[in-house]
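Asker: how does the following fold in three dimensions:
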Amino acid sequence: MREIVAKTYQINARNETKEIFRRYGCGGMLGVWGRILALYVKSPAYRRFVRGMRGGGIIPENLEEYFGYGMFVGRK
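Answerer: Reported below is the predicted structural model:
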């Protein structure tokens, strides 16, 4: 490939959340939260996973720096 152009863009988590809510609407988001709650109630393994996340360990402090997207264009 010749003339490769690569650009990366950061995602603003707050704006992304608003867009997801706008895309799926109130009913869709309530359905997602309902399924999460049901999974939490029914699954001891999921409860352990959630408690482990809250205690730290698998979520880095600078998590927002990992979100983004790239656009890569090239020409033969």
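
Asker: what ranges do the strands span in this protein?
Answerer: 2-10, 68-75 (DSSP state E).

Asker: now the shortest one - C-alpha only, CSV.
Answerer: C-alpha atoms of strand 68-75 as CSV (Å, rounded to 0.1, in the frame of the first residue of the first chain):
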residue,chain,number,x,y,z
GLY,A,68,-11.5,5.5,20.9
TYR,A,69,-11.6,4.5,17.3
GLY,A,70,-9.3,4.7,14.3
MET,A,71,-9.8,5.3,10.6
PHE,A,72,-7.3,3.8,8.3
VAL,A,73,-7.2,4.4,4.6
GLY,A,74,-4.7,3.2,2.0
ARG,A,75,-4.3,3.1,-1.7
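
Asker: what comes up buried for that strand?
Answerer: In terms of neighbour count (16 or more other CB atoms under 10 Å), strand 68-75 has no buried residues at all. Bear in mind the C-beta positions are built from the backbone N, C-alpha and C, glycine included.

Asker: same for that strand, what does it pack against?
Answerer: strand 2-10 (3 or more CB pairs under 8 Å, 6 or more residues apart in numbering; DSSP states H and E).

Asker: just put the strands of the chain in a markdown table and tack on mean pLDDT and distance to residue 32.
Answerer: Shown next, in a markdown table, are the strands of the chain (pLDDT from 0 to 100; distance: least, CB to CB, whole Å):
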| stretch | mean pLDDT | distance to residue 32 |
| --- | --- | --- |
| strand 2-10 | 77 | 25 |
| strand 68-75 | 78 | 22 |
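
Asker: of those, which is nearest residue 39?
Answerer: strand 68-75 (28.3 Å; CB to CB).

Asker: quick one: strands adjacent to the closest one?
Answerer: Strands that pair with strand 68-75, judged by DSSP bridges, come out as strand 2-10 (antiparallel).

Asker: what does the partner strand rub up against?
Answerer: Strand 2-10 is contacted from outside by 67, 68, 69, 70, 71, 72, 73, 74, 75, 76, using CB atoms under 8 Å, 6 or more residues apart in numbering.

Asker: look up the closest residue to the third one, ignoring the ones flanking it.
Answerer: Leaving aside its sequence neighbours, residue 69 sits nearest to residue 9 (CB to CB, 6 or more residues apart in numbering; 5.7 Å).
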